[in-house]
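Asker: missing the sequence, but the structure's below:
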Ligand SMILES: [Zn+2]
């Protein structure tokens, strides 16, 4: 029996337990899609990473419940951390500049 099948069986058995370390570990990088399709079916998923939301396709395979959780761009932990760091930097820059213009009252005027 293959390892992936064994993990899936174990996940399925512990799915009802929200404190299951196995389910938590597995769903950090994967999503569990329960289905009873007898043939492969394409499904659109949305990347749950903050600020991404990209739609990507997964192929549902009969008797398989574990699928990638993130879009192709954010499938590795490194890429996700990079994305979140860059997003945080952009957000703090935007709030600083809106604060500056509101509180300091900077206004730019062009000569006629
Ligand atoms: Zn993404």
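Answerer: Nice, thanks for sending it over. None of these values were measured; they are calculated from a predicted model.
Asker: For residue 59, list the residues it contacts.
Answerer: Contact analysis of residue 59 by Cβ atoms under 8 Å, 6 or more residues apart in numbering lists 40-43. Every C-beta, even on glycine, is put in place using the N, C-alpha and C of the backbone.
Asker: The helix or strand containing residue 95 near the ion at all?
Answerer: According to DSSP states H and E, residue 95 maps onto helix 77-103. No: residues of helix 77-103 are not located near the ion by Cβ under 5 Å from the ion, the shortest gap being 7.1 Å.
Asker: The ion: which of the contacts of residue 59 is nearest?
Answerer: residue 43 (16.2 Å; Cβ to the ion).
Asker: Who is that closest one paired with across the strands?
Answerer: With DSSP bridges as the criterion, residue 43 is bridged to residue 58.
Asker: in terms of contact, does it touch residue 60 like I think?
Answerer: Yes: applying Cβ atoms under 8 Å as the test, residue 43 and residue 60 come out as touching, 5.4 Å apart.
Asker: which neighbours do those two share?
Answerer: By Cβ under 8 Å, 6+ apart, the residues touching both residue 43 and residue 60 are residue 33.
Asker: so what's residue 51 scoring on pLDDT?
Answerer: At residue 51, the model reports a pLDDT of 93.
Asker: Enumerate every residue touching it.
Answerer: Taking Cβ under 8 Å, 6+ apart, we find residue 51 in contact with 83-84, 87.
Asker: quick one: it from the ion, how far?
Answerer: Using Cβ to the ion, to the nearest Å, residue 51 is found at 9 Å from the ion.
Asker: picking up where we left off before, selecting buried members of the contacts of residue 51 in ChimeraX, what would you type?
Answerer: Per 16 or more other Cβ atoms under 10 Å, the buried members of these correspond to this ChimeraX selection:
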select :83
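Asker: any chance of the contacts of residue 51 in TSV, with pLDDT and distance to residue 71 too?
Answerer: Putting the contacts of residue 51 into TSV (pLDDT from 0 to 100; distance: Cβ to Cβ, whole Å) gives the following:
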residue	pLDDT	distance to residue 71
83	96	10
84	95	14
87	91	15
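Asker: Tell me the confidence at residue 79?
Answerer: pLDDT recorded at residue 79 is 96.
Asker: All good on my end, thank you.
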